[in-house]
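Peer 1: I would like to see how this sequence folds:
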Amino acid sequence: MHFIIFQTKVYIFLLLLITFTSITVSKTKLDTLYVNLHSKIENNNKDDFPEIQKMINSAMPGEVIYFPKGVYSLSRYLFIGNKSNIKLILDKNAVIQPTGKYRHNNGGTLLYISNASNNITINGGIWDAKFQISDVVLIVSDSNGSQNIYLNNIEAKNTIGIAINAVYVNGEYYTLKNIYINNCFIHDTKGNAISLSSVKGAFINKCIIMPNNFNSNGIQLNAENAIVSNNRVAGIMGNAAGIGSYGMTNFKIDSNYVTGDSLNPKTLGIYIDTGVKGVISNNFINWMSTGIRAEI
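Peer 2: Residues are numbered from 1 along each chain as shown. Got it, this is the predicted structure:
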């Protein structure tokens, strides 16, 4: 998907040349920051983290950070914390990957969202963890609670795809609110492709999920007020479920296509564990040991 952002009235021209890095950063319009490669569009494995993180840190509400086609290498995760109403928009051929000397913070991730962030959009790009780190996108709640996070048109591969976790402090989970995952392609994972824990308002729609790994669930949910619809989940193998929910309340699993491997006798199409007030409807399940299993 290609994004073109138009602004007709006010223009601010600022060119900041960064030496000894693989990118330049330019602010060419009032509300758009561009990450521009000034070398060939190739994998030079230089560390682009410092300048990209600087852009994120300085982004104001309403601003967009745009990544054109190219390869962006990170020595550590990008962090969005205590931010509101910002967008990271990536060309469909923009690749985010770890460098060979990636620092394993928080178990390892390419993008980490926390600290009461609100109305954050991540759209597009190829997020390739290269099996060096555990997550592509990691969203963690805190005492202030992040909410309204939109993950759209992302390709995530070679690790766990998207992990959304609650923090347990003083006997209480701090819950994330309103997580939207749309039109994502998550494949070749070494764990659950999408994993949500302690979320109020989870919406997963029109994703293609292919873990291609034994005992890895396609979608695993622990959420209240969740809708999982129109997704295609394939390649489920071993003791795993295409869509697995644990302790869900007020959920709807509708119009999903789930397939597995007929040679693995323990596969489950949809698995519900202690769920209440839920609807399962119009799903197509094929080549699974059990289509739908509910333990309520």
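Peer 1: does Q220 sit in a helix, a strand or a coil?
Peer 2: Three-state call for Q220 (DSSP: H, G, I helix; E, B strand; the rest coil): strand.
Peer 1: again with I56
Peer 2: helix.
Peer 1: tell me the contacts of it?
Peer 2: By CB atoms under 8 Å, 6 or more residues apart in numbering, the residues touching I56 are I65, L78, F79, I80, K83, I86, L88. In this view, the C-beta of every residue, glycine as well, is placed from N, C-alpha and C.
Peer 1: check the fifth one and give its pLDDT.
Peer 2: Right, the one you point to is K83. If you check K83, the pLDDT there is 93.
Peer 1: can you name the element that comes right after the host helix or strand of I243?
Peer 2: Using DSSP states H and E, I243 falls within strand 241-246. Sequence order places strand 249-254 as the next helix or strand after strand 241-246, per DSSP H and E.
Peer 1: which residues touch that next one?
Peer 2: Contacts of strand 249-254 (CB under 8 Å, 6+ apart): 221, 223-230, 243, 245, 270, 275-283.
Peer 1: report the buried members of those.
Peer 2: The neighbour-count test (16 or more other CB atoms under 10 Å) applied to the contacts of strand 249-254 identifies 221, 223-230, 243, 245, 270, 275, 278, 280, 283 as buried.
Peer 1: give me the lowest-pLDDT entry from these.
Peer 2: Least confident of these in the model: G275, at 65.
Peer 1: hmm, back to that, need the contacts of I56 in JSON lines with distance to G161 and neighbour count, can you?
Peer 2: Shown next, in JSON lines, are the contacts of I56 (distance: CB to CB, whole Å; neighbours: other CB atoms under 10 Å):
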{"residue": "I65", "distance to G161": "22", "neighbour count": "20"}
{"residue": "L78", "distance to G161": "16", "neighbour count": "22"}
{"residue": "F79", "distance to G161": "19", "neighbour count": "19"}
{"residue": "I80", "distance to G161": "18", "neighbour count": "23"}
{"residue": "K83", "distance to G161": "22", "neighbour count": "21"}
{"residue": "I86", "distance to G161": "22", "neighbour count": "21"}
{"residue": "L88", "distance to G161": "17", "neighbour count": "24"}
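Peer 1: hmm, I89 is touching P68, no?
Peer 2: No: the pair I89 / P68 is not scored as a contact, 10.0 Å apart, by CB atoms under 8 Å.
Peer 1: more neighbours: the two, which one.
Peer 2: More crowded of I89 and P68, by other CB atoms under 10 Å: I89, with 21 against 13.
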